[in-house]
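test case, fold it:
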Amino acid sequence: CQLTGLTKKVVSRLYPLLTGMPSPPGQVPFTDTWYLKSNRRMLHANVVWCLYQHLEKIGRSKSSVLIHVYESYTEIMDAPLLTLTRAFFVPRLITINAWYEQSCDHCGISYIGPLGNDGSTCPACTEYFKRRCRSCGTAIEYRPAGRWKVTCTGCHEQQKQSKKRLACGVAHGH
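Numbers count the residues shown, from 1 in each chain. The predicted structure follows:
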């Protein structure tokens, strides 16, 4: 869309005709959908953005910067999630004002995210708090399936006891 001047609707119709396959999510017509489906993807996008900002200051051509960013990204990350195309698109999301820099309320780090993002929690803190008790901060055991726990076993038991005491107090007229 941005390169050809064609509308998103036209590009969406042309892509399957030209390639014989449906367009990959988040690429045509260049949206951030793919990144937003996972905090880990957002975390990787933020790594690419930090590298891009740093390497852009060197004064090389944009293509050279992109190549160096992607090489650095694949060296830093044990299991890179972003392809070269997706890594290239991260700075474009800032340029087209789809994403902007924000500051995390928890750790203070500067990170990128979509416009209209209600939370001001970076992807790293979001992942961290998925595995921490909301009441006391201790680690919560990992469960691969089911709903995420928000409190540890100890806090959960305390909450149950408090509810029982309240229920007993109400039942006895206290």
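
what does stretch 101-113 contact?
Contacts with stretch 101-113, where a contact means CB atoms under 8 Å, 6 or more residues apart in numbering, come from 42, 45-46, 49, 90, 93-94, 99-100, 117, 120-125, 129. Glycine gets a C-beta too; all of them are placed from N, C-alpha and C.

just the buried members of these?
Among the contacts of stretch 101-113, the ones that count as buried by 16 or more other CB atoms under 10 Å are 42, 45-46, 49, 90, 93, 99, 121-125, 129.

format these as TSV; extra columns: secondary structure.
TSV is the format used below for the buried ones among the contacts of stretch 101-113 (DSSP: H, G, I helix; E, B strand; the rest coil):
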residue	secondary structure
M42	helix
A45	helix
N46	helix
W49	helix
V90	helix
L93	helix
W99	strand
T121	coil
C122	coil
P123	helix
A124	helix
C125	helix
F129	helix
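
and which of those is nearest to D32?
L93 (5.7 Å; CB to CB).

look up how far W49 lies from that closest one.
9 Å (CB to CB, to the nearest Å).

equivalent analysis for K149, please.
31 Å.

swap in I96?
Distance from I96 to W49, by CB to CB: 14 Å.

which stretches of this structure have low pLDDT?
For the chain, applying pLDDT under 70 flags the ranges 1-6, 8, 11, 15, 19, 23-30, 117-119, 148, 169-174.

now do the contacts for H68.
H68 sits next to 55, 60 when contact means CB under 8 Å, 6+ apart.

shouldn't it be within a helix?
Yes. Counting by three-state DSSP, H68 is part of a helix.

spatially central residue in this protein, please.
Of all residues in the chain, the one closest to the mean position by CA atoms, centre = their mean is M42, 2.7 Å from it.

ok, now which ones touch the nearest residue to that residue once chain neighbours are set aside?
Of all residues not flanking M42 in the chain, P123 sits nearest, at 4.0 Å (CB to CB, 6 or more residues apart in numbering). For P123, the contacting residues are 39-40, 42-43, 46, 111, by CB under 8 Å, 6+ apart.

distance of I94 from R143?
To R143, I94 is 36 Å away according to CB to CB.

got the CA positions of the host helix or strand of Y35 in CSV?
Under the criterion of DSSP states H and E, Y35 resides in helix 33-36. Coordinates of the C-alpha atoms in helix 33-36 are reproduced here as CSV (Å, rounded to 0.1, in the frame of the first residue of the first chain):
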residue,chain,number,x,y,z
THR,A,33,-2.2,-7.7,13.8
TRP,A,34,0.5,-10.4,13.8
TYR,A,35,2.6,-8.6,16.4
LEU,A,36,-0.3,-7.9,18.7
